[in-house]
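1. Predicted structure and sequence below. I'll ask about it afterward.
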2 protein chains.
Amino acid sequence: MDSRLLWGTVEMLILEVVAQGPTYGYEISQTVGERSRGYFDLKEGSLYPALHRLEQQKLLTSFWDEVDGRRRKYYKLSIQGQTTLDEKKAAWQAFSKGVNGVLGAQFAG
Amino acid sequence: MDSRLLWGTVEMLILEVVAQGPTYGYEISQTVGERSRGYFDLKEGSLYPALHRLEQQKLLTSFWDEVDGRRRKYYKLSIQGQTTLDEKKAAWQAFSKGVNGVLGAQFAG
DNA sequence: CTTCTATACCTAGACGGCCAAGGTAAGGGG
DNA sequence: CCCCTTACCTTGGCCGTCTAGGTATAGAAG
């Protein structure tokens, strides 16, 4: 896949997954992979910096937990996070519609 | 609009417009704007470097013409350009489908 | 004549998110 | 003991976009 296309969508994908319930980095990348039928393979170098940005922007809150001797940093969506997610989804649909408009595609967002 | 989303799609949009017939930079940006119903506003700092890249990669060929005292650099799609355009459109649809899969959207590409 | 808008091209430099590649650490199977 | 999986993190490079600037012509407004 063309990784350039990813620009600007990684944060939306993360927020969307976390919106389903508290989860952690490793699981997020797996969920994104599964839900896209293997299309996405979120790299750690994209995933963790993105999580840190989102937390710093207070769109996510985090807490550490340990399961079977493994440290996990769980993330939860904040109120602002939900608002931002809604905005990002709207922006995505507008963008997608714009691209499809130029392509003359019959399907729409 | 979130310009980050644009990454990787500008070249596809340009190729698509040029595929309709020979045209030039200024007109391309207008066409993209119109066909996306005003959503896209291709900046010159993105447009011209992209055109030069595409020409250097031999996906586009160019020739100068003058109309009403105005120099225009016309671009034409090459055979390889058409192939690349097809590939980019397929990649876009796969990407779009992947995103929508994660979003759990009902619409598909 | 000057000024403004539209047309039409170009470029240098900054920005910033993604990726490759590296590191740390624990559990479990071969 | 080694290797794979899980689970986190960071550094540095890459490269396409944008900002902001430049050049030039035509036509309209003042």
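-> Everything's here; your move.

2. From now on I want contacts and neighbour counts done on CA atoms only, so please keep to that.
-> OK.

3. Quick one: name the residues of chain A near DNA strand C.
-> Proximity of chain A to DNA strand C is assessed by CA under 7 Å from any atom of the strand, with A:3-4, A:6-11, A:42-47, A:50, A:68-70 identified as the residues in range.

4. try 10 Å this time
-> Within chain A, the positions near DNA strand C by CA under 10 Å from any atom of the strand are A:1-13, A:40-51, A:53, A:67-71.

5. can you narrow these to ones near DNA strand D?
-> Filtering the residues of chain A next to DNA strand C for proximity to DNA strand D (criterion: CA under 10 Å from any atom of the strand) leaves A:3-5, A:7, A:43-51, A:53, A:67-71.

6. ok, stretch A:90-98 near DNA strand D or not?
-> No: for stretch A:90-98 and DNA strand D, the contact criterion (CA under 10 Å from any atom of the strand) is not met; the two come no nearer than 12.0 Å.

7. Only the buried residues of that stretch, if you could.
-> Of the residues in stretch A:90-98, A:92, A:93, A:94, A:95, A:96, A:97, A:98 count as buried by neighbour count, 16 or more other CA atoms under 10 Å in any protein chain shown.

8. The nearest residue to residue A:40 once chain neighbours are set aside in helix, strand or coil?
-> Distances taken as CA to CA, 6 or more residues apart in numbering or on different chains put residue A:33 closest to residue A:40, at 4.9 Å, once the chain neighbours are dropped. Assigned with DSSP: H, G, I helix; E, B strand; the rest coil, residue A:33 falls in the helix class.
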